[in-house]
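In: below: sequence and its predicted model.
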Amino acid sequence: MALTVGLRPLTRALLRPWARVPGAALGRPAAGSGDGVRCFGSPRVLVEPDPAAGVAVMKMRNPPVNSLSLEFLTELLISLEKLENDKTFRGIIITSDCPGIFSAGLDLLEMYGRDPAHCAEYWKAVQELWLRVYLSNLVVIGAINGISPAGGCLLSLSCDYRVLANNPKYAIGLNETLLGIIAPFWFKDVLVNTIGHRAAERALQLGFLFPPSDALQVGIVDQVVPEDQVQSTARSVMAQWLAIPDHARQLTKNLVRKPTADRLLQQRDADIQNFVRFISRDSIQKSLHVYLEKLKQKKG
Ligand SMILES: CC/C=C\C/C=C\C/C=C\C=C\CC(=O)SCCNC(=O)CCNC(=O)[C@H](O)C(C)(C)COP(=O)(O)OP(=O)(O)OC[C@H]1O[C@@H](n2cnc3c(N)ncnc32)[C@H](O)[C@@H]1OP(=O)(O)O
């Protein structure tokens, strides 16, 4: 898949992709891998490779809540691109290194009080991440070990299979309307593809965040397991998916997903312009302000 990352050279130059991860990751063999196989990654994305299995575990660690800032998106994109281009890997498991949070979704501070050029650059990176995960040739499994609203839910929905930890706090859904904003059409499309038109219609308008039992029932996740079994379940599901010949699985995935991705690919620039126009409105900026204040006040 030929996707351009399309971020400012400065943004990319600021990052140090593939630097050895300081501290915990340094010199520590990846779990389940043979001696000498090291974790690698970037400051916010820890990659634990298991070359023997052809699998890499990608841990998001952008504390406190794994909000998808521009820098974090860029690091995720670079990690994904690298894994995609390395023939060692046939599958990745996306999970979180932030306790209790899979991802709080898009970083509201990238959209609040920012100028149009910044918003456009940000939105392009959001599109890019979605396209890369959604159309990945790798098997992508979400080991969802925390709450995942809005953009966090989109990331989960873009995986091939979702395993959610059974903790009532770990709700998942597209809650944009609760913020006074709307889910973009491609977020909506992915939700409709996953849970069906009627369920998506209700969930989107009411900004539902489904706790695990409801999430399983509506089909927004594929499996709910005890929290300490999320990673092992993701590994065994991965083994099932990797039993299928890659070429057949990849072509089938493309057949199913391409029409949805094409809807965005055919109008990416217009989508960016729509986003910038929408997010720049005074009323929307006001809604974001109110929501951010609410998040602050929650702390007491
Ligand atoms: C015509 C139309 C065209 C285009 C489409 C138009 C518009 C679409 C536009 C946008 C789409 C956006 C999708 C999104 O993803 S929006 C983000 C949605 N996310 C949320 O609602 C989650 C908000 N966060 C929370 O609910 C909680 O933080 C939590 C449950 C995830 C975690 O709770 P905690 O109690 O553990 O932590 P907090 O104290 O609440 O947070 C810590 C810290 O982090 C800040 N923060 C939280 N979430 C975000 C975020 N998403 N972005 C930026 N910052 C976030 C929070 O404010 C705290 O900061 P401080 O420590 O107070 O500084």
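Out: Perfect, I can see it now.

In: which parts of the stretch 51-200 of the chain sit against the ligand?
Out: Residues of the stretch 51-200 of the chain lying near the ligand by C-beta under 6 Å from any ligand atom: 64-65, 67, 101, 104-109, 147, 149-151, 175-176, 179, 181-182, 184. For every residue, glycine as well, the C-beta is placed using N, CA and C.

In: these two touch, right, residue 49 and residue 92?
Out: No. With contact defined as C-beta atoms under 8 Å, residue 49 does not count as touching residue 92 (9.7 Å).

In: what touches both of the two?
Out: 55-56 (C-beta atoms under 8 Å, 6 or more residues apart in numbering).

In: average pLDDT for stretch 220-227?
Out: Stretch 220-227 carries an average pLDDT of 98.

In: what is the neighbour count of the closest residue to residue 167 other than its chain neighbours?
Out: Nearest residue to residue 167 in three dimensions, chain neighbours excluded: residue 227, at 5.7 Å (C-beta to C-beta, 6 or more residues apart in numbering). By other C-beta atoms under 10 Å, 14 other residues sit near residue 227.

In: equivalent analysis for residue 92, please.
Out: Residue 92 has 26 nearby residues by other C-beta under 10 Å.

In: three-state assignment of it?
Out: strand (DSSP: H, G, I helix; E, B strand; the rest coil).

In: and it, what pLDDT?
Out: Reported pLDDT for residue 92: 98.

In: and the one 4 residues further on, by the same measure?
Out: Among the per-residue scores, residue 96 holds a pLDDT of 98.

In: can you give me phi and psi for it?
Out: Here is the backbone geometry of residue 96 (degrees, to the nearest 10): phi -120, psi 150.

In: show me what it is bridged to.
Out: Note on residue 96: beta-bridge partners residue 60, judged by DSSP bridges.

In: with the one 10 residues further on instead?
Out: On DSSP bridges, the residues paired with residue 106 through beta bridges are residue 68.

In: report the contact partners of it.
Out: Per C-beta under 8 Å, 6+ apart, neighbours of residue 106: 67-68, 126, 150-151.

In: try it again with 7 Å
Out: By C-beta atoms under 7 Å, 6 or more residues apart in numbering, the contact list for residue 106 reads 68, 126, 150-151.

In: mind checking how far the residue nearest to residue 167 is from the ligand?
Out: From residue 227 over to the ligand the distance is 16 Å, taken as C-beta to the nearest ligand atom, to the nearest Å.

In: looking at it, that residue is touching residue 168, isn't it?
Out: No. Here residue 227 does not reach residue 168: they are 11.2 Å apart, not a contact under C-beta atoms under 7 Å.

In: pLDDT weak spots in the stretch 101-250 of the chain?
Out: Along the stretch 101-250 of the chain, no part satisfies pLDDT under 70.

In: do a quick rundown of the helices in it.
Out: Ranges of helices in the stretch 101-250 of the chain, per DSSP state H, counting those that start in this stretch, are 116-134, 151-157, 185-195, 197-206, 212-218, 230-242, 246-265.

In: most tightly packed of those helices?
Out: Comparing these by mean neighbour count (mean count of other C-beta atoms under 10 Å), helix 151-157 ranks first with a mean of 27.

In: who's in contact with that helix?
Out: Applying C-beta under 7 Å, 6+ apart, the contact partners of helix 151-157 are 68, 102-106, 130, 133, 142, 144, 148, 162, 172-174, 187, 190-191, 194.

In: for that helix, C-alpha coordinates in CSV please.
Out: The C-alpha trace of helix 151-157 is given here as CSV (Å, rounded to 0.1, in the frame of the first residue of the first chain):
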residue,chain,number,x,y,z
GLY,A,151,-10.5,7.8,18.1
GLY,A,152,-9.4,5.0,20.5
CYS,A,153,-12.5,3.1,19.4
LEU,A,154,-11.7,3.8,15.7
LEU,A,155,-8.2,2.4,16.2
SER,A,156,-9.8,-0.7,17.8
LEU,A,157,-12.4,-1.0,15.0
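
In: how far off centre is it?
Out: Per C-alpha atoms, centre = their mean, to the nearest Å, the displacement of helix 151-157 from the mean C-alpha position of its chain is 5 Å.

In: what's the answer for stretch 93-107, then?
Out: On C-alpha atoms, centre = their mean, the centre of stretch 93-107 falls 8 Å from that of its chain.

In: list the buried ones in it?
Out: By neighbour count on 16 or more other C-beta atoms under 10 Å, the buried set for stretch 93-107 is 93-98, 101-107.

In: ends of that stretch, what's the gap?
Out: Using C-alpha to C-alpha, to the nearest Å, one end of stretch 93-107 lies 22 Å from the other.
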